[in-house]
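Q: starting from these lines, generate the structure:
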Amino acid sequence: MQKEISKEVIDKNYNQILEDIKRYSPYPEKVKILFVSKYYDIEEHRKIIEMGYNYFGENRAQVYRDKLKEFSGEKYKNIVWDFIGRLQKNKIKYIINNVNLIHSIDSYELLEDINKKAIENGRTVNGLIQINVSKEESKTGIYVEDFEKDSEKYFSMDNVKIIGFMTMAPLGASEEEISKYFSKMLDLKRKYAEKYDYLTELSMGMSGDYIEALKNGATIIRIGSKLISK
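A: Now for the predicted structure:
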């Protein structure tokens, strides 16, 4: 499905988000805008890269693999790719050699499998633990209390370095509810950053709720539809 890819629209929206970061974040210099690129096929994505954008998040492992194959070589060396979708054990192989950061480590078993593949490929991979902060049954992720019960094991992998947390707020939640969940995540990050000084990232906030995320210390906001909205 072809979409209108307008540099004028994307630049305008991106700059607005930059202004929101300065206005709402307690530490704007630490915040990164992750361009959620799952909406775009290869040619659409190429246009966005040619506009100068270079930090992308994909949520399907095969699409990630195909785009990495297409956008390889010297011309694309500055592109940074994160993986933000649900990751199945048998799909780890598609992303393990190039991924910058895996946002969606939603179980200890998945963490073990990623570590195994990282060892096999001679890589150390950065990851985020996905927390199901609202305990929605429709969402994956680890409950806060389950993580805290046995947290040390998540930091014990040889080839996966846990550098923070990721969460998603419930659909339809009020600003007050969203802020409450995001505040809980900030507390969690601060607690574990005291013990692990490399734990610096908090990935939360999407097109509809990134301002609440910024107010509560997000360091990565995952933006898709907001960037192309006229």
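
Q: give me the residues contacting the helix or strand bottoming out on mean pLDDT in the chain.
A: Taking mean pLDDT, DSSP states H and E as the measure, the chain has helix 225-228 as its least confident helix or strand, at a mean of 92. With Cβ atoms under 8 Å, 6 or more residues apart in numbering as the test, helix 225-228 has contacts from 3, 5-6, 9-10, 13-14, 17, 35, 39, 207-208, 210. Every residue, glycine included, has its C-beta placed from N, CA and C.

Q: pull out the buried residues from those.
A: 5, 10, 13-14, 17, 35, 207, 210 (16 or more other Cβ atoms under 10 Å).

Q: okay, those in JSON lines with pLDDT, secondary structure and distance to T167 next?
A: Formatted as JSON lines, these follow (pLDDT from 0 to 100; DSSP: H, G, I helix; E, B strand; the rest coil; distance: Cβ to Cβ, whole Å):
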{"residue": "I5", "pLDDT": "84", "secondary structure": "coil", "distance to T167": "30"}
{"residue": "I10", "pLDDT": "96", "secondary structure": "helix", "distance to T167": "26"}
{"residue": "N13", "pLDDT": "97", "secondary structure": "helix", "distance to T167": "23"}
{"residue": "Y14", "pLDDT": "98", "secondary structure": "helix", "distance to T167": "23"}
{"residue": "I17", "pLDDT": "98", "secondary structure": "helix", "distance to T167": "19"}
{"residue": "F35", "pLDDT": "98", "secondary structure": "strand", "distance to T167": "19"}
{"residue": "S207", "pLDDT": "95", "secondary structure": "coil", "distance to T167": "16"}
{"residue": "Y210", "pLDDT": "98", "secondary structure": "helix", "distance to T167": "13"}
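
Q: name the nearest of those residues relative to Y196.
A: Using Cβ to Cβ, Y210 is the member of the buried ones among the contacts of helix 225-228 that lies nearest Y196, at 25.7 Å.

Q: list the contacts of that closest one.
A: 17, 20, 218, 221, 223, 226.

Q: out of those, who's the most crowded?
A: Of the contacts of Y210, A218 is surrounded by the most neighbours, 30 neighbours in total, counting by other Cβ atoms under 10 Å.

Q: do you know how far that one is from S203?
A: 7 Å (Cβ to Cβ, to the nearest Å).

Q: got it, and E120?
A: Taking Cβ to Cβ, one finds E120 at 26 Å from S203.

Q: between these two, which one's more packed in?
A: Neighbours were counted for E120 and for S203 using other Cβ under 10 Å; S203 has more, 26 against 12.

Q: for that one, give me phi and psi.
A: S203 adopts backbone torsions of phi -90, psi 110, taken as degrees, to the nearest 10.

Q: now tell me what touches the host helix or strand of F182 from outside.
A: Using DSSP states H and E, F182 maps to helix 175-193. With contact meaning Cβ under 8 Å, 6+ apart, helix 175-193 is reached by 131, 133-134, 144, 147, 151, 164-165, 167, 169-170, 173, 199-200, 202, 204-205, 209, 212-213, 215-218.
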